[in-house]
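# okay, here's the prediction I keep looking at, along with the sequence it came from:
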Amino acid sequence: MRLAFILYKYFPFGGLQRDFLRIALECQQRGHAIRVYTPIWEGDIPAGFEVVVVPVKALFNHTRNEKLTAWVEADLARRPVDRVIGFNKMPGLDVYYAADSCFEEKAQTLRNPLYRRWGRYKHFANYERAVFDPSSPTEILMISEVQQPLFVKHYGTPAERFHLLPPGIAQDRRAPANAAEVRAAFRAEFELKDDELLLVQIGSGFKTKGLDRSLRALASLPRALRARTRLIAIGQDDPRAFQLQAKTLGVSDRVRILKGRSDIPRFLLGADLLIHPAYNENTGTVLLEALVSGLPVLVTQVCGYAHYIADADAGRVVPAPFQQETLNRMLAEMLADDAARRRWQRNGLSFAETADLYSMPQHAADVILAERG
């Protein structure tokens, strides 16, 4: 088959982007031709991929999205394909990968009613309806059980169009045989002393991921514990507001904020705890990446994959509704308890041996390539 994949931006360090790439590569390995439409492509192009960088620009995102849709529709009319797979909500899709939460639910519960009069709202509501309306033919790849009832609530989408996928953690995130050596080399490179503790927070979109909460929790640690704890945050975002916050809290000497990078497994092996106090998160792939590498996790309950941390007993989950004091207390307890962290590490590695945390690309490809009635 000839397959067209569409996404609003590709860069190597985003969770959605990595999921797209692994699914597209799986389809390619099964013998199908891959074409990609995107306005922005950063990084290497896989061998055999046809990447079409769509020349659209606009002042507002929703206007750019509409221009992109029109451009792609015109190109597909000239050069048809067998399936169109979208990683953002838009009209004309055969298959949609549901990485984003329900827009209409957020618009109705988190926004002022006046918001629904704006052009931006109308655009995103219409694009979401194009996927989830009962009359739409789009098959939906779900990665979060939590979101499906919300789409059904607002659109009445038939149950048979939803396909719940298992997680898709890359095997290179699992702890290798030489994990202890990798950890030692990493800690030497970052000049971490034997008694120092390293927190990592990984993910683009520092505001949504709750980096402000992590900084407050770090600042709240008892003085002696804070003095031997460091935090490294990694992601594609503007760090300035958080650097200022760290300075205001008096912990700037304990914090480093790095751009997205490709050697995340080293950080997972070299750290002592992953902190992920997100405000909202459809899934949270990094939680499972930490789990399978043996890194204990502290995460908010609103993350779609937080239940895996509880199921595996590989860390602790901050209950909803969120309270900063609870995060502060849990962080201090986890950092102070070396025996508990060793137990959470063992539990995570054991869970990684038996649970299906890896087969998402294969299941997604099965749906994309399935016969249509």
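Yep, that arrived.
# hey, let's count contacts and neighbours off CA atoms from now on
OK.
# tell me how many other residues crowd the closest residue to A33 other than its chain neighbours.
Excluding its sequence neighbours, the residue lying closest to A33 (Cα to Cα, 6 or more residues apart in numbering) is R2, at 4.8 Å. R2 has 14 neighbouring residues, counting by other Cα atoms under 10 Å.
# R2 contacts V36, doesn't it?
No - R2 is not in contact with V36 according to Cα atoms under 8 Å; the separation is 10.9 Å.
# give me the low-pLDDT residue ranges for the stretch 51-200 of the chain?
The stretch 51-200 of the chain contains no residues with pLDDT under 70.
# where along it do the helices fall?
Under the criterion DSSP state H, counting those that start in this stretch, the stretch 51-200 of the chain contains helices at 61-78, 103-109, 119-132, 148-155, 179-189.
# a markdown table please, covering those and showing mean neighbour count and distance to I202.
What follows is the helices of the stretch 51-200 of the chain, written out as a markdown table (neighbours: other Cα atoms under 10 Å; distance: least, Cα to Cα, whole Å):
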| stretch | mean neighbour count | distance to I202 |
| --- | --- | --- |
| helix 61-78 | 15 | 25 |
| helix 103-109 | 15 | 24 |
| helix 119-132 | 18 | 28 |
| helix 148-155 | 16 | 26 |
| helix 179-189 | 15 | 16 |
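# which among those is found nearest to A339?
Nearest to A339, of all these, is helix 179-189, at 17.5 Å by Cα to Cα.
# check which helices and strands the closest one sits against.
Here helix 179-189 touches helix 264-270, going by 3 or more Cα pairs under 8 Å, 6 or more residues apart in numbering; DSSP states H and E.
# quick one: the helix it packs on to chain centroid distance?
17 Å (Cα atoms, centre = their mean, to the nearest Å).
# not counting that helix itself, show me its contacts.
The contact list for helix 264-270 (Cα atoms under 8 Å, 6 or more residues apart in numbering) reads 172-173, 175, 179-180, 182-184, 186-187, 198, 200, 274, 289-290, 293-295.
# how many residues are close by R261?
R261, neighbours per other Cα under 10 Å, totals 11.
# format the helices of the stretch 51-200 of the chain as JSON lines; extra columns: distance to N282.
Output for the helices of the stretch 51-200 of the chain, formatted as JSON lines (distance: least, Cα to Cα, whole Å):
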{"stretch": "helix 61-78", "distance to N282": "21"}
{"stretch": "helix 103-109", "distance to N282": "12"}
{"stretch": "helix 119-132", "distance to N282": "16"}
{"stretch": "helix 148-155", "distance to N282": "11"}
{"stretch": "helix 179-189", "distance to N282": "30"}
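# distance check, the residue nearest to A33 against T283.
Using Cα to Cα, to the nearest Å, we find R2 at a distance of 29 Å from T283.
# what's the answer for W344, then?
21 Å.
# what do you get for S350?
Using Cα to Cα, S350 is found at 21 Å from T283.
# more neighbours: these two, which one.
A count of neighbours by other Cα under 10 Å puts T283 above the other of S350 and T283, at 23 against 16.
# how is this protein partitioned into domains?
Domains of the chain are assigned by automatic domain parsing as 2-166+358-369, 171-354.
# most tightly surrounded among those?
Ranked by mean neighbour count, the domains of the chain are led by domain 171-354 with a mean of 19 (mean count of other Cα atoms under 10 Å).
# ends of it, how far apart?
Start-to-end, domain 171-354 (Cα to Cα) is 14 Å.
# roughly how far is it from the heart of the chain?
Its chain's C-alpha centre and that of domain 171-354 lie 15 Å apart, by Cα atoms, centre = their mean.
# contacts for the host helix or strand of A339?
Assigned by DSSP states H and E, A339 belongs to helix 338-354. With contacts defined as Cα under 8 Å, 6+ apart, helix 338-354 is touched by 174-175, 272, 291-296, 312-315, 334-335.
# so for that helix, mean pLDDT?
Helix 338-354 shows an average pLDDT of 97 in the prediction.
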